[in-house]
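**Q** Structure, please.
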Amino acid sequence: MKPKHLLAAVAATVMGISSAVAEEWNMPVPYSDAVFHTKNIRQFADDVTAATNGDLTIKVHSAGSLFKHPEIKNAVRSGQVPVGEFLLSRLGNENAVFAVDTLPFLASNYDAASKLWAASRPKVEELLDKQGLQVLFSVPWPPQGLYTKKDVETVEDLKGLSFRAYNAGTETLAKKAGMAPTQVESPDIPQAFATGRVQAMITSPSTGVSSKAWDFLTNYYDTQAWLPKNIVVINKKSFRRLDKATQDAVMAAASAAEKRGWEMSMAETDAKTQTLRDNGVTVSAPSGQLTQELQAIGDEMVADWMESAGDDGRAVIKAYR
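**A** Next comes the predicted model:
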């Protein structure tokens, strides 16, 4: 060994650090540091660093600061970054299976959502594997509930209302319920209600609180219409370049993050629903008739989805049911 290399090895030993070169990965996520998904991912990154003794660190770039939400999946796929997070249903235009968790009233509680993920995960993994991506973990948002400016007992009470839509599924739901869908992004919700552009919406307790729904509506019905999920994926080539011990550490941290993330989502649901109550919103379960009528709409949408999803979709629903 040459003298300078010997000195470097001795220095590393004395300082108690590995002679292997530590690696840092950049990880884009679309949501801010205040969002529980991002908090969970930061803990995942800390766990990886601890388990690998700093040989692999993951630098989390929140709030779309490195790549915007629509760009994250392809950034990981192309190897611009090795790992990233995005809303799984954003890939619904690629394959309908990716949007199965947005079907209204198919899985309307955490237990059902967990079973749906178990049923759909093998197909999701297969589809992403073909794109050079490996699934690490997935965590749901709180269940989607119905917000209105008046009491609602039946679907008839919704007819004619202007309804905030944010994707194709919510637009279809609105039309089937006799409402008029209007595209409104989350930051524009308060103004849309204040100006009368919309009079009702379905979204999570989290969005209801962040938009201060109590300023412009009166009722929240805990319909638990669906639980959309975020997913964290890793570039397969990047993963394969890791040694076996580091791969195992990443997968163990991912498994812990999924379990922790689901628990955080449930806690988020309880906390944000209580915040709605504390600020004067009437929180209640939907009436039996409204539940039945919305379920019938959901069943229609699931049937339509199965037609578009083909054999893959039918296999997922069969496994789930």
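
**Q** Confirm that Asp270 sits in a strand.
**A** No - if the criterion is DSSP: H, G, I helix; E, B strand; the rest coil, then Asp270 is helix and not within a strand.

**Q** For burial, what's the neighbour tally of it?
**A** 11 (other C-beta atoms under 10 Å). From N, CA and C alone the C-beta is placed, and that goes for glycine too.

**Q** Would you map the helices across this protein?
**A** In the chain, the helices defined using DSSP state H lie at 3-15, 36-51, 69-77, 110-129, 168-176, 189-194, 205-210, 236-240, 244-278, 288-320.

**Q** Of these, which is nearest Pro28?
**A** Closest to Pro28 of those, according to C-beta to C-beta: helix 69-77, at 5.1 Å.

**Q** And the chain, what are its domain boundaries?
**A** Using automatic domain parsing, the domain parsing of the chain gives 22-91+109-140+228-272, 145-225+282-320.

**Q** The longest one: end-to-end distance?
**A** Terminal residues of domain 22-91+109-140+228-272 are spaced 40 Å apart (C-alpha to C-alpha, to the nearest Å).

**Q** cool, the shortest one as well?
**A** According to C-alpha to C-alpha, domain 145-225+282-320 extends 23 Å from its N-terminal end residue to its C-terminal end residue.

**Q** Just give me how far that domain sits from the chain centre.
**A** Domain 145-225+282-320 has its C-alpha centroid displaced from the chain centroid by 18 Å (C-alpha atoms, centre = their mean, to the nearest Å).

**Q** Next, count neighbours for Phe163.
**A** By other C-beta under 10 Å, 25 other residues sit near Phe163.

**Q** Contact partners for the residue nearest the centre of the chain?
**A** In the chain, the centroid-proximal residue (C-alpha atoms, centre = their mean) is Asn230; its distance is 2.3 Å. Neighbouring residues of Asn230 by C-beta atoms under 8 Å, 6 or more residues apart in numbering: 37, 85-88, 138-141.

**Q** tell me the two of the residues you listed that are most distant?
**A** The largest separation in the contacts of Asn230, counting by C-beta to C-beta, is between Phe86 and Pro140 at 14.0 Å.

**Q** okay, the two: which has more neighbours?
**A** Taking neighbours as other C-beta under 10 Å, Phe86 and Pro140 compare with Pro140 leading, 26 against 23.

**Q** do you know how far that one is from Trp226?
**A** Relative to Trp226, Pro140 is positioned 9 Å away (C-beta to C-beta, to the nearest Å).

**Q** Which neighbours do the two have in common?
**A** Counting by C-beta under 8 Å, 6+ apart, the common neighbours of Pro140 and Trp226 are Asp101.

**Q** Do you know the pLDDT at Val184?
**A** pLDDT recorded at Val184 is 89.

**Q** Now do the contacts for it.
**A** By C-beta under 8 Å, 6+ apart, the contact set of Val184 is 164-166, 192, 197-198, 201.

**Q** As TSV, the residues you listed with distance to Ser186, neighbour count and pLDDT would be great.
**A** Formatted as TSV, the contacts of Val184 follow (distance: C-beta to C-beta, whole Å; neighbours: other C-beta atoms under 10 Å; pLDDT from 0 to 100):
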residue	distance to Ser186	neighbour count	pLDDT
Arg164	9	25	96
Ala165	12	22	91
Tyr166	7	17	84
Ala192	10	20	96
Arg197	14	14	96
Val198	12	27	97
Met201	10	28	97
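
**Q** which ones among these are found in strands?
**A** Under the assignment DSSP state E, the contacts of Val184 contribute 164-165, 201 to strands.

**Q** I'd like the residues you listed laid out as a markdown table, including distance to Asp111.
**A** Formatted as a markdown table, the ones in strands among the contacts of Val184 follow (distance: C-beta to C-beta, whole Å):
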| residue | distance to Asp111 |
| --- | --- |
| Arg164 | 28 |
| Ala165 | 28 |
| Met201 | 25 |
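
**Q** hang on, the earlier thing: so which one among the contacts of Asn230 has the lowest pLDDT?
**A** Confidence-wise, Leu87 trails the rest of those, at 92.

**Q** do you know how far that residue is from Thr57?
**A** Leu87 sits at a distance of 26 Å from Thr57 (criterion: C-beta to C-beta).

**Q** more neighbours, those two?
**A** Under the neighbour definition other C-beta under 10 Å, Leu87 and Thr57 were set side by side, and Leu87 has more, 24 against 14.
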